[in-house]
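In: I'll drop the sequence and a predicted model, then ask my questions.
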Number of protein chains: 2
Amino acid sequence: MRSGYDISALLERFYAGQVAAAARLITILENGGDDAEKVLDGIFSRTDDAYRVGLTGPPGAGKSSLLYQITKRFRKKGRKIGIIAIDPTSPFSGGALLGDRIRMQSLSEDPDVFVRSLASRGSLGGISNCTDEVTDLLDAFGKDLILIETVGVGQSELEISEKAHTVVVVLVPESGDGIQAMKAGLMEIGDIFVMNKSDHKDAEMAAAEIANSLRLKDIPEGNWNPRVILTSARENTGIDELVDVIEEHRSYLEENGLIAAKRREILFSRVRNALMDRIEKRLGRSEMVREIMKNRMDDVYNGILTPYALVHELEKTVKIK
Amino acid sequence: MRSGYDISALLERFYAGQVAAAARLITILENGGDDAEKVLDGIFSRTDDAYRVGLTGPPGAGKSSLLYQITKRFRKKGRKIGIIAIDPTSPFSGGALLGDRIRMQSLSEDPDVFVRSLASRGSLGGISNCTDEVTDLLDAFGKDLILIETVGVGQSELEISEKAHTVVVVLVPESGDGIQAMKAGLMEIGDIFVMNKSDHKDAEMAAAEIANSLRLKDIPEGNWNPRVILTSARENTGIDELVDVIEEHRSYLEENGLIAAKRREILFSRVRNALMDRIEKRLGRSEMVREIMKNRMDDVYNGILTPYALVHELEKTVKIK
């Protein structure tokens, strides 16, 4: 495939630590295809298991401000940080208020912080999410902590728990009943629960409710006990505790050999997803599939053929050893 | 496959209009597999293009209350209504406040309203969403209007616009900056925008903002011009107008031959999704795929083999004509 760039040259500049090269390579990863695979094959041996923290929660819970504060703390500890925002409501993605956006962008001025927003699958018409790939790239770029911000409302929870070592669920006390209900899904995946906007009058009560429902889960002895933390990203309180508990969770995973298991899980799901993507593309290029679709979709449309009968016809074009 | 039920008998009871049989068949559809296909093949000839309206918007925007009011209006017009709630925050799904839930369930006492909530993909571990299938079933059950409630936060927008003839985006004036940002994705898919909680002091301004950004889109002459409506589900205002505009949008689609195009689109995506599901299952059962995964995942884990190199090995087990 001809392309307007030289991947080997880009990779060399990337290995030399050039931010522009990293940004360019991410765009290549986003576009997918053979070039993306070439990049991934190139960097794979340099990935070194950066630690991944996912921040998820409803829109407006203050995830981005929290991310900003956490980043500053981890920078003080000397960590090199990659930030990936998949949340369409994130200021990183250009969605939110200008003030927030400027504050966030100020992080990127630190050469040891790399910020990138990615389009979510929904908004751009089924573009496959390349979070895993971009995480690898930032890992190979020398980042040792990757923070992933994603909006959590019952659709994407599972995804973030497949990608992150530590999942931080961010909630706010003032939310309406919709949000209350939504917690059900989020309760399942959080390693740490943050009740943000702790200056709110209902914050303590809301945090106690979360802690209560966690107790009801009856977690076996020796397993990680999810923690509930009160923070105020605006007033900058509780952030130190949050950072400490993230470290604590990391130690717990390390001491129990769970980091290795998570890495296996991440690699497995990546292989599966990439395989299915490639098969779908090959089907799209298949002459026979096109022919069948062209001739038979009308029959489905006219009620002569059921959709599943057509699926069976199409399936015959696929042989699996 | 042996099963604890007789599908033909269930279908007969279903054709006779028995609600219990419909509920049972939906469970079979949710479970998927051969039995689900048998059901779909059975009912397909009876589907008759029920009109589908999607309601989407952030958690807490009042979608469920609006759905309740709309349903009552359409019932007065004699429509037979199916309601599908995929929103994990919906009272239909048992998530929200008890009062809401009771009010919603009162709808089901009307024999011409059928209510069903479906698990969203995320919350239950990748269970494939069977909205299309359940819509067909309700269609074959004699419903002529299907209302689909889904939470919209940048992940699921596109999905609902693939499934519904008319997409109603429900927003509220009081939402924080996160919600404001999220609108970006929702702006693309709405045929009708509802500013709910119109008694709120900022409602008119918020509605005007939406109308403004719609004007900026520069919609070509002759195309549908998305409408903005102020409602209060609680005070029961604006609902008549909303119902009228839904009807207006339907007429627009019908007069321009767009209903047919939408049906084709829905059938096409269903065939594609079902085909990919079946291939994924077959891959999971393939001895050779298991063998490769068993022997080679360790190499990926140990950095000897890249994930994409493994994908290429796996791909060789799949031949497409």
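Out: It's in. All of these numbers come straight from a predicted model, not from anything done at the bench.

In: could you check the angle helix B:258-285 makes with the longest helix anywhere in chain A?
Out: Taking DSSP state H as the assignment, the helix of chain A that covers the most residues is helix A:258-285. Relative orientation of helix A:258-285 and helix B:258-285, computed by axes from the mean of the first three to the mean of the last three Cα atoms, to 10 degrees: 130 degrees.

In: Domain ranges for chain A, per the record?
Out: Domain ranges of chain A: A:1-45, A:47-256, per automatic domain parsing.

In: A:Arg75 reaches A:Pro111, doesn't it?
Out: No - using Cβ atoms under 8 Å, A:Arg75 makes no contact with A:Pro111, being 10.9 Å away. All C-beta atoms are positioned from the backbone trio N, CA, C, and that covers glycine.

In: Can you tell me the closest non-neighbouring residue to A:Asp202?
Out: Distance criterion Cβ to Cβ, 6 or more residues apart in numbering or on different chains; nearest residue to A:Asp202, sequence neighbours excluded, is A:Pro173 at 4.1 Å.

In: so that neighbour makes contact with A:Ala206?
Out: Yes - counting by Cβ under 8 Å, A:Pro173 touches A:Ala206, with 4.0 Å between them.

In: Now A:Ser269: closest residue in space that isn't a chain neighbour?
Out: A:Glu162 (5.5 Å).

In: what about that neighbour, which helix or strand?
Out: Assessed by DSSP states H and E, A:Glu162 sits inside helix A:157-163.

In: for A:Ile219, same thing?
Out: A:Ile219 belongs to no helix or strand, assigned by DSSP H and E.

In: now it: how far from A:Asp35?
Out: Distance of A:Ile219 to A:Asp35, given as Cβ to Cβ, to the nearest Å: 45 Å.

In: And for A:Leu253?
Out: From A:Leu253 to A:Asp35 the distance is 34 Å (Cβ to Cβ).

In: show me what contacts A:Ile239?
Out: A:Leu66, A:Gln69, A:Ile70, A:Arg73, A:Thr231, A:Ala233 (Cβ atoms under 8 Å, 6 or more residues apart in numbering or on different chains).

In: Okay, now the unreliable bits of chain A?
Out: Counting by pLDDT under 70, chain A shows low-confidence ranges at A:1-4, A:87-103, A:119-129, A:152-158, A:174-185.

In: can you rerun that using 80?
Out: A:1-4, A:48, A:58-60, A:86-105, A:108, A:118-129, A:151-162, A:174-188, A:216-218, A:233-234 (pLDDT under 80).

In: Let me see the backbone angles for A:Arg52.
Out: phi -110, psi 120 (degrees, to the nearest 10).

In: May I ask you to confirm that it is in contact with A:Lys163?
Out: Yes - counting by Cβ under 8 Å, A:Arg52 touches A:Lys163, with 6.4 Å between them.

In: Now do the shared contacts for the two.
Out: A:Thr135, A:Ile148.

In: ok, now how distant is the closest residue to A:Val243 other than its chain neighbours from chain B?
Out: In space, and not counting its chain neighbours, A:Val243 is closest to A:Arg73: 4.6 Å by Cβ to Cβ, 6+ apart. The gap separating A:Arg73 from chain B is 23 Å, by Cβ to the nearest Cβ, to the nearest Å.

In: how many neighbours does A:Arg73 have?
Out: As a burial measure, A:Arg73 scores 15 neighbours (other Cβ atoms under 10 Å in any protein chain shown).

In: hmm, back to that, shared neighbours of A:Pro173 and A:Ala206, anything?
Out: A:Met195.

In: show me the contacts for the closest residue to A:Asp139 other than its chain neighbours.
Out: Leaving aside its sequence neighbours, A:Asp139 sits nearest to A:Ala50 (Cβ to Cβ, 6+ apart; 4.0 Å). By Cβ under 8 Å, 6+ apart, the contact set of A:Ala50 is A:Gly82, A:Thr135, A:Leu138, A:Asp139, A:Lys143, A:Asp144, A:Leu145, A:Ile146.

In: list the contacts for the fourth one?
Out: Put plainly, it is A:Asp139. A:Arg46, A:Thr47, A:Asp48, A:Asp49, A:Ala50, A:Gly82, A:Ile146.

In: For ChimeraX, write a command that selects the buried ones of the residues you listed.
Out: To isolate the buried ones among these in ChimeraX, judged by 16 or more other Cβ atoms under 10 Å in any protein chain shown, type:
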select /A:46,47,50,82,146
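
In: A:Phe74 is in contact with A:Val113, correct?
Out: No - the criterion here is Cβ under 8 Å, and A:Val113 misses it with A:Phe74 at 9.3 Å.

In: shared neighbours of the two, which are they?
Out: A:Ile81.

In: related to what we said a few turns ago, could you flag which of the contacts of A:Ile239 are buried?
Out: A:Leu66, A:Gln69, A:Ile70, A:Thr231, A:Ala233.

In: A:Val168 in helix, strand or coil?
Out: A:Val168 carries the three-state label strand when classified by DSSP: H, G, I helix; E, B strand; the rest coil.

In: Quickly note the distance from it to A:Ile70.
Out: 9 Å.

In: Spell out which residues are contacts of both of the two.
Out: In contact with both A:Val168 and A:Ile70: A:Val53, A:Leu242, A:Ile246, using Cβ under 8 Å, 6+ apart.

In: Just the ones of the residues you listed in strands?
Out: In this view, these that belong to strands under DSSP state E are A:Val53.

In: and of the shared contacts of A:Val168 and A:Ile70, the nearest to B:Lys262?
Out: Nearest to B:Lys262 among the shared contacts of A:Val168 and A:Ile70: A:Val53, at 41.9 Å, using Cβ to Cβ.

In: For B:Tyr301, see how far away that closest one is.
Out: A:Val53 is 22 Å from B:Tyr301, by Cβ to Cβ.

In: more neighbours, these two?
Out: Each of A:Val53 and B:Tyr301 has its neighbours counted (other Cβ under 10 Å); A:Val53 has more, 23 against 14.

In: give me every residue that touches that one.
Out: Applying Cβ under 8 Å, 6+ apart, the residues contacting A:Val53 are A:Ile70, A:Leu145, A:Ile146, A:Leu147, A:Ile148, A:Ala164, A:His165, A:Thr166, A:Val167, A:Val168, A:Ile246.

In: residue ranges for the strands of the stretch 101-250 of chain A, please.
Out: A:113-117, A:145-151, A:166-171, A:192-195, A:227-230 (DSSP state E, counting those that start in this stretch).

In: Neighbouring strands - and their directions - for the longest one?
Out: What it means is strand A:145-151. strand A:51-57 (parallel), strand A:81-85 (parallel) (DSSP bridges).

In: I'd like to know which residues of the stretch 201-321 of chain A are adjacent to chain B.
Out: Counting by Cβ under 8 Å from any Cβ of the partner chain, the residues of the stretch 201-321 of chain A close to chain B are A:263-264, A:267-268, A:270-271, A:274-276, A:278-280, A:282-283, A:286, A:288-289, A:293, A:297, A:300-301, A:303, A:306-311, A:314-315, A:317-321.

In: Please say which of A:Ile219 and A:Asp35 ends up with more neighbours.
Out: Of the pair A:Ile219 and A:Asp35, A:Asp35 is the one with more neighbours under other Cβ under 10 Å, namely 17 against 12.

In: The nearest residue to that one once chain neighbours are set aside: what secondary structure?
Out: In space, and not counting its chain neighbours, A:Asp35 is closest to A:Ile28: 5.2 Å by Cβ to Cβ, 6+ apart. Secondary structure assignment for A:Ile28 (three-state DSSP): helix.
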